[in-house]
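# Build the 3D model from these lines:
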Amino acid sequence: MSKKPVLRASQSIALTIAEGNGKTAKADRRRYFEIARGSALECAAIQDVLVVGLGLDKAESRKSIALLLISSYHILHMSNPRVFLNFRSLCKYLSLVELSIF
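Numbers count the residues shown, from 1 in each chain. Predicted coordinates for the structure are as follows:
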């Protein structure tokens, strides 16, 4: 598997968020943000596949996956502002506390 699917899915995140921001109906915006979140999770899954296929360094992939999962949380919050976790809870939820990404 090449890295092209990651590029496609990552571009889809930004483009879908932009398209969703252009919608005036809340239900339409929510739907686009949910699609963007799905693209972020797809990117994380592609990272896993690339590591298994030895096409990507595992340590670098873990950092990318952590950022993608955090981004996915933020997109979720955009689609439903009532969903809130603080950053520490988010990291604990994602089991990434031991990962120093910043």
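# any low-confidence regions in this structure?
1-3, 83-102 (pLDDT under 70).
# would you list every one of the helices in it?
For the chain, helices defined by DSSP state H occupy the ranges 4-21, 26-52, 58-79, 87-93.
# so can I have TSV of those helices showing mean neighbour count?
Heads up, the C-betas are built off the backbone N, CA and C, glycines and all. Shown next, in TSV, are the helices of the chain (neighbours: other CB atoms under 10 Å):
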stretch	mean neighbour count
helix 4-21	16
helix 26-52	18
helix 58-79	17
helix 87-93	12
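# Would you confirm that Ile75 contacts Ile35?
No. Using CB atoms under 8 Å, Ile75 makes no contact with Ile35, being 9.4 Å away.
# tell me the contacts of the closest residue in space to Ile17 that isn't next to it in sequence?
If the residues on either side of it in the chain are set aside, Ile17 comes closest to Ala36, at 4.8 Å by CB to CB, 6 or more residues apart in numbering. Contact analysis of Ala36 by CB atoms under 8 Å, 6 or more residues apart in numbering lists 12-13, 16-17, 20, 75.
# now, which of those sits nearest Ser61?
Ile13 (17.3 Å; CB to CB).
# Please verify my assumption that the closest one contacts Leu41.
No. Counting by CB under 8 Å, Ile13 sits too far from Leu41 to count as a contact (10.0 Å).
# what's the spacing between the most centrally placed residue in the chain and Thr24?
The chain has Ala40 as the residue nearest its centroid, 3.0 Å off, counting by CA atoms, centre = their mean. Distance of Ala40 to Thr24, given as CB to CB, to the nearest Å: 24 Å.
# Noted, bye for now.
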